[in-house]
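Participant: no sequence on this one, just coordinates:
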């Protein structure tokens, strides 16, 4: 399963980027680099798992080629300024990298994140979804739940990556969902091993919650995103 990291882990990664930096030589940079990891606030994402097959080539002649599937390759120039690799286009800085533990790291300040490139391409880690329990009981759904994983178009990613800061309290079919800073009450009952609940608003929405063998819940949200919930600690 994908997991969020703590603020401490993110802080350590930041230290790796900024502390103890040494001057970079061209030989350290020339070649092909793969985007392997993205870090946004407290979330670490395996790029391959979310379908981001981006890469960059640094040529010895000072050209940099940024490649992204489905888009035309972008050609820029690169240079070294002490411990920073600067990629420029039309005379303006486009992105910069530092080197840490053999990786290239770009800090995206406006998005509060980082992109980590490596010499070797990391494979996606399979996300295993536990089977649905066909004979789940109403009491299995009781508790406080938070969305932690989302799936759309065959791609899984941390729920908070798309802003699904969603939680819910369930007591014997009575549900209070909190999403996008609003509370959404709903009520329902068991149908074929699933909890089917209808919201109490004027234009009601029906949610079908399934209970999985590993103690998680799932529901289809907005007819396009499957959300997975785990019990709050």
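Facilitator: Done, it's in. Owing to the predicted nature of the structure, the values given are computational and were not obtained by experimental measurement.
Participant: Going by neighbour count, list what's buried in stretch 135-144.
Facilitator: Within stretch 135-144, the residues that count as buried by 16 or more other C-beta atoms under 10 Å are 136, 140, 141, 143. No exception for glycine: its C-beta is placed from N, CA and C like everyone else's.
Participant: What of stretch 30-40?
Facilitator: 33, 34, 35, 36, 37, 38, 39, 40.
Participant: who's in contact with the first one?
Facilitator: For residue 33, the contacting residues are 55, 56, 57, 58, 104, 117, 118, 119, by C-beta atoms under 8 Å, 6 or more residues apart in numbering.
Participant: Number of residues surrounding the fifth one?
Facilitator: Counted with other C-beta atoms under 10 Å, residues neighbouring residue 104 total 23.
Participant: isn't it right up against residue 96?
Facilitator: No. Look at residue 104 against residue 96 with C-beta atoms under 8 Å: they stay out of range, at 9.9 Å.
Participant: where do the contact lists of the two overlap?
Facilitator: With C-beta under 8 Å, 6+ apart, residue 104 and residue 96 have common neighbours residue 85.
Participant: Can you say which helix or strand has the closest residue in space to residue 47 that isn't next to it in sequence in it?
Facilitator: Closest residue in space to residue 47, ignoring its immediate chain neighbours: residue 35 at 4.7 Å, by C-beta to C-beta, 6 or more residues apart in numbering. Here residue 35 sits within strand 31-40, counting by DSSP states H and E.
Participant: separation between the residue nearest to residue 47 and residue 69?
Facilitator: According to C-beta to C-beta, to the nearest Å, residue 35 and residue 69 sit 11 Å apart.
Participant: Mind listing the shared neighbours of the two?
Facilitator: Joint contacts of residue 35 and residue 69 (C-beta under 8 Å, 6+ apart) are 53, 54.
Participant: What's the end-to-end length of stretch 189-202?
Facilitator: 20 Å (C-alpha to C-alpha, to the nearest Å).
Participant: Fine, thanks again, bye for now.
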